[in-house]
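What would the 3D arrangement of this be:
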Amino acid sequence: MKQLARMMSYLKPHWATVLATFFAMIIQTVMEPLSTMILRAMVDQALPSRDMSLIINLCLWYIGIYAIKGLVSWVQWYGSELTGQKVTYDIRQSVHDHLQKLPPSYFNTMGSGQVMSRLTSDIESMQNFVGWGALLLINMVMLFIVSSAFLAYLNWKLTLAMAVTFPFLARTVFWFDKHVRKAWENVREKMGHLTTALQENISGINVVKAFAREELEIEKFRAKNLAHYEANMERAAVEAKGQPLLDLISGFVTVIVIGYGGYLVATGQMTMGTIFAFYSLSWTLIWPVRMMGWLVNMAEQARAAAPRVFELLDHEPEIKDEPGAVDLEEVRGHIVFENVSFSFPDDSRETLKDINLEILPGETVAIVGGTGSGKSTLVNMIPRFVQPTKGRILLDGRDIREITLKSLRKHIGLVLQDNFLFSATVKENIALGKRDATDEEIQRAARLAQAEEFIEELPKKYDTPVGERGIGLSGGQKQRIALARALLLNPKILILDEATSSVDTETEYLIQEGLQEVMKGRTSIVIAKRLSTIRGADKIVILDKGRILQVGTHEELLKQGGFYRKLFESQFAEEDVEKAIRLELAEYAGGEPNSDDPSQ
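Numbers count the residues shown, from 1 in each chain. Purely as a prediction, here's the structure:
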């Protein structure tokens, strides 16, 4: 009941529409007994007396009543649909807005297919009930009460005889409610799994084809589809048992009215007009009975869907603005990690351990390490995509938890290895973080990112639509657009996470040339594997298994040996390693290599 009450709370902002719809329902409910009274007068008075004037007047009254019923019926149905659509809009917008507050880690555990299923089919089930299912249920209850009272007024004996069926009705409805709710919960869960499988298949279609997994994916989807089909058939079996029982009870009501009512007429205890009116009005009892199973079914769909939707809304973001957090207007870019450790939820292993690192304003720092060393986790802490389990991070002497997320991230430009492009134009993708950017600013950012040349070759240049996730562009082109997007923000802190990994050596060189100008006066943090990207950094940090092993310049780390020297050696042919090292050290020392050395 809590879930239903919470769903109904979304009606409060639309009370005027709900009130108008409810008022229309009251009028329609009152009209039902009036029409039967006209029918009784026609049979008992107008027809036996052959009074044409009375017959015409009763017909006109009947037309007037049905004209009013038609008008209020329109108000009722349109108002119900309007309410349902408004509630759907509010819930879907609330969920979407809340999702924007959740950290990226949440979506790593909650599949995107599950999220999409809850935002679409689950919310639609809630709409069907909250919008007009609930109002119709209220209407049915009102109609049942008013009709029962009026039927008792017409003939209490026949009404009491009809009431014999009510306990059977209640038992059937409760049985139906119990079983159909579980069935719909199972259907919703299976639909989420089916949506996830479909979303993964479409998103990873290139991987599927590259590894010739088409048949395996077909079988995987067939299994999910079959599970969804079987869950629906289980649900249908429950409904197939419940609805005929409700129809049977409705049939008994008709039999009682005709049989016992005929007896009362035959014995003179009821007029023919009264039994006509009674039979006509009895359908206002039979109709709610027949509708009850359907409405309960709709309510149970909503009850099965609501917890899945509210689970999204109730998930508190682990990372949010702390009380008293301030906006940061000016940033120098001085970053300090103080005894920082990090471990993922439900994992006792520490991804980062006791990190102590200072990055000075305007300094370029390269983060180097093997796979799983914690490089991306380290830089993701700066914009607070994740936050330390121990220690703290300072920006210009202030704990970043004391800074609002919006103002913190406004000063950070981030380029990832796998960059996401939206289904929009090239211009709109570049201006994602600065919607008021001028064409000149956008073109300058593209030029610095070495993206201008290929953009000019596109059919509509900057106004060329980009397909979903950047389909139609190469990996290098997508990465350069993402780099332009970050540069357009003119951030004081620039984070490049394998930002040039998808471009060729020549393009990388051109991007590096552009970045030399861009990085001036900015704090830049670069994760890379290519020495061409790393060697120009003011400071190189070597990470291994979550710990800092070495910190130094390119020259210092070559002299020290260890991981960095091995990385250097791996990027040269074996016979050229010693020569390359001497050349590198000589260049940094400002001297010339020995020309008499035969190894040169």
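
wait, is residue 549 part of a helix?
No: using DSSP: H, G, I helix; E, B strand; the rest coil, the assignment for residue 549 is strand, not a helix.

which residues in the protein form strands?
Here the chain has its strands, by DSSP state E, at 335-342, 352-359, 364-369, 390-395, 398-399, 412-415, 493-497, 523-527, 539-544, 547-552.

hey, which of those strands is tucked in deepest?
strand 523-527 (a mean of 25; mean count of other C-beta atoms under 10 Å). To be clear about C-beta, it is placed using only N, CA and C from the backbone, and glycine gets the same treatment.

That strand - contacts with which helices or strands?
strand 364-369, helix 375-380, strand 493-497 (3 or more C-beta pairs under 8 Å, 6 or more residues apart in numbering; DSSP states H and E).

and the strands of the chain as a markdown table, adding distance to residue 148?
Converted to a markdown table, the strands of the chain look like this (distance: least, C-beta to C-beta, whole Å):
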| stretch | distance to residue 148 |
| --- | --- |
| strand 335-342 | 66 |
| strand 352-359 | 71 |
| strand 364-369 | 77 |
| strand 390-395 | 69 |
| strand 398-399 | 68 |
| strand 412-415 | 67 |
| strand 493-497 | 70 |
| strand 523-527 | 74 |
| strand 539-544 | 77 |
| strand 547-552 | 78 |
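
Compare the helices and strands packed on strand 523-527 and give me the one nearest residue 174.
Closest approach to residue 174 among the helices and strands packed on strand 523-527 is made by helix 375-380 (52.3 Å; C-beta to C-beta).

tell me the pLDDT at residue 509?
Predicted confidence (pLDDT) for residue 509: 68.

need the helices for the stretch 101-250 of the chain, in chain order.
104-109, 112-117, 123-127, 134-154, 156-163, 166-203, 205-210, 214-266 (DSSP state H, counting those that start in this stretch).

Deepest-packed of these, please.
By mean count of other C-beta under 10 Å, the helices of the stretch 101-250 of the chain have helix 123-127 as the most buried, with a mean of 23.

Break the protein into its domains for me.
Each domain of the chain is listed here as a residue range: 10-314, 335-589, per automatic domain parsing.

Residue 323 is nearest to which of those?
Using C-beta to C-beta, the nearest of the domains of the chain to residue 323 is domain 335-589, at 9.9 Å.

Please give the centre-to-centre distance between the closest one and its chain.
On the basis of C-alpha atoms, centre = their mean, to the nearest Å, domain 335-589 sits 29 Å off its chain's mean C-alpha point.

ok, now stretch 12-26?
For stretch 12-26, the distance to the chain centre is 30 Å (C-alpha atoms, centre = their mean).

go on, stretch 295-315?
15 Å.

quick one on the thing from earlier: how about the helices of the stretch 101-250 of the chain, which one is nearest residue 419?
Of those, nearest to residue 419 by C-beta to C-beta is helix 104-109, at 13.8 Å.

related to what we said a few turns ago, now the domains of the chain in CSV, with distance to residue 322?
Shown next, in CSV, are those (distance: least, C-beta to C-beta, whole Å):
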stretch, distance to residue 322
domain 10-314, 14
domain 335-589, 5
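
Quick check: bridge partners of residue 364?
residue 524 (DSSP bridges).

just the one 5 residues further on next, same as before
Partner residues in beta bridges with residue 369, using DSSP bridges, are residue 543.

Is it in contact with residue 375, as I believe?
Yes: between residue 369 and residue 375 a contact is recorded at 5.2 Å, counting by C-beta atoms under 8 Å.

between these two, what contacts are shared?
Common neighbours of residue 369 and residue 375, using C-beta atoms under 8 Å, 6 or more residues apart in numbering, are residue 543.

before we move on, the earlier item: and of the helices of the stretch 101-250 of the chain, who's closest to residue 382?
helix 104-109 (13.8 Å).

quick one: average pLDDT of the closest one?
Here the average pLDDT along helix 104-109 is 68.

Next: stretch 53-71.
For stretch 53-71, the per-residue pLDDT averages 87.

mind listing the helices for the stretch 401-550 of the chain?
405-410, 426-430, 439-448, 452-456, 475-488, 505-518, 531-534.

Throw the ones you listed into TSV and include distance to residue 334, thanks.
Output for these, formatted as TSV (distance: least, C-beta to C-beta, whole Å):
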stretch	distance to residue 334
helix 405-410	14
helix 426-430	29
helix 439-448	24
helix 452-456	33
helix 475-488	20
helix 505-518	19
helix 531-534	22
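
Out of those, which gets the lowest mean score?
helix 505-518 - the lowest mean pLDDT of those, at a mean of 66.

OK, contacts around residue 88?
123-124, 126-127, 131.

Where does confidence bottom out across those?
Ranked by pLDDT, the contacts of residue 88 bottom out at residue 131 (70).

tell me the pLDDT at the nearest residue in space to residue 90 that is not next to it in sequence?
In this structure, residue 90 finds its nearest non-sequential neighbour in residue 10, 5.6 Å apart by C-beta to C-beta, 6 or more residues apart in numbering. Residue 10 carries a pLDDT value of 78.

do residue 599 as well
If you check residue 599, the pLDDT there is 38.

can you check residue 260 too?
86.

Quick check, residue 37 in contact with residue 277.
Yes: between residue 37 and residue 277 there is a contact at 6.7 Å, judged by C-beta under 8 Å.

For the nearest residue to residue 313 once chain neighbours are set aside, grab the count of nearby residues.
Spatial nearest neighbour of residue 313, chain neighbours left out: residue 98 (5.5 Å); criterion: C-beta to C-beta, 6+ apart. Residue 98 is flanked by 15 other residues according to other C-beta atoms under 10 Å.

Isn't residue 98 up against residue 312?
Yes: taking contacts as C-beta under 8 Å, residue 98 lies within contact range of residue 312: 6.6 Å.

ok, now how distant is residue 40 from residue 221?
Residue 40 sits 62 Å away from residue 221, going by C-beta to C-beta, to the nearest Å.
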